[in-house]
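J.: Based on what follows, work out the 3D shape:
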Amino acid sequence: MANLKEIRNRITSVSSTMQITSAMKMVSAAKLKKAQDAITAMRPYAEKLTELLQNLSATLDGEVGGDYTTQREVKKVLLVAITSNRGLCGAFNSNVIKEIKNRTEFYAGKQVDVFAIGKKGNDVLSKTHKVHGHHNAIFDHLTFENVAGIADNLTEKFLSGEYDRIELIYNQFKNAATQIVQTEQFLPLAPIKSDTAVSTGDYIFEPSKEEIVLTLIPKSLKTQLYKGIRDSFASEHGARMTAMHKATDNATELRNQLKLTYNKARQAAITNEILEIVGGAEALNG
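T.: Got it, this is the predicted structure:
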C-alpha cells in the first residue's frame, strides 16, 4: 500500500502542476493578444517611415546622413540583446544568447560588448561578456518615450566614437508558435540601395530635403528600436503560451499514465488480499 500512496501523491503533484501551467497559458494568451495588436498596428508606420527616408535620400546627391552614416573601421562593436525578464518561455531567450555568441565569434579579434535589455539576457551574458549597460524595467512601462531614451543613449555611444558598429538582436514575432531571431544593423546607417527610379512627384520641400532627412534619421532609429522591443515582447508571450500549452499536454499525459499504473497496482493488491482470504479459509476447512 505504500507504493499506492506514493503514486497518489505523484498524481496530486502532477495535477497541481497542470493547473498552474494551464493558468499561465491563459494569462499569456491574453497578454499576447494585446502585444500582437500593438506590433501589428506599428509595423505599417515603421515601414512607411523607412520608405519615406529612402525616397528622400535617393533623390539627394552625395552622401546623406552626416555622422549617422559614417563608416569607420570596425574595432569596437556593441551588441544589443533584447530578451525577457522571466523564463518559462521555451528557447526564446536561449536563441538570442546563442546568436550573441555567434556574432561574437564573427567579430573575433575585435572588442565586443553587450547592452542587455531584459533580465534573462543580462544574467547569462554578464558571465561571458562585458555588459556595458542593461535595462530590465523597460517592459514594466513599455512606451515610445521610454525606449527613445535608450535609443538616444545608443546613438550617443556611436556618434562619440565609443563604438564603431551597433547591432540589435531580438526575436521577431511571426505568430504564437514561431519567432525568428533577427540581427539588424542599428548604426551606422546602411547605405540605401534602390534598383528602381524614385519619383517624389511635384513637391515643394520646406525646409530643405537635407534637413528633413537629418530630422527623420533620429526618429527612424528610435522607431527601429521600439519596433524591435515590441516584436520581442509579443514573441515572449507567444513563446510562453506555446511552452505552457505543451507543458499542460505533457502533464495530462503523465497524469493519465499514473492513474493507469495506480489502478493496476490497486487491482493487484485487491487480488492478493482475496487470494490470502481464500487460502486461509481453505486451511481452516482442511
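J.: Surely residue 85 touches residue 118?
T.: Yes: if you go by C-beta atoms under 8 Å, residue 85 and residue 118 touch, sitting 5.8 Å apart. The way it works is simple: take the backbone N, C-alpha and C, and place the C-beta from them, glycine included.
J.: Would you mind telling me which of these two has the busier surroundings?
T.: Remark: of residue 85 and residue 118, residue 118 carries more neighbours, 25 against 18, as counted by other C-beta atoms under 10 Å.
J.: Make sure that one is actually in contact with residue 80.
T.: No: counting by C-beta under 8 Å, residue 80 is not a contact partner of residue 118; they are 10.4 Å apart.
J.: coming back round to it: find residues that contact each of residue 85 and residue 118.
T.: 136, 139 (C-beta atoms under 8 Å, 6 or more residues apart in numbering).
J.: ranges for the helices of the stretch 151-286 of the chain?
T.: With DSSP state H, counting those that start in this stretch, the ranges of helices along the stretch 151-286 of the chain come out as 209-285.
J.: just the stretch 1-150 of the chain next, same as before
T.: Going by DSSP H, counting those that start in this stretch, the stretch 1-150 of the chain shows helices at 2-58, 92-106, 119-125, 144-159.
J.: got these as a markdown table, with distance to residue 212, mean neighbour count and mean pLDDT columns?
T.: Below are the helices of the stretch 1-150 of the chain laid out as a markdown table (distance: least, C-beta to C-beta, whole Å; neighbours: other C-beta atoms under 10 Å; pLDDT from 0 to 100):
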| stretch | distance to residue 212 | mean neighbour count | mean pLDDT |
| --- | --- | --- | --- |
| helix 2-58 | 6 | 15 | 89 |
| helix 92-106 | 33 | 18 | 96 |
| helix 119-125 | 36 | 21 | 95 |
| helix 144-159 | 18 | 16 | 94 |
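J.: and those helices as CSV, adding distance to residue 187?
T.: Formatted as CSV, the helices of the stretch 1-150 of the chain follow (distance: least, C-beta to C-beta, whole Å):
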stretch, distance to residue 187
helix 2-58, 14
helix 92-106, 15
helix 119-125, 20
helix 144-159, 4
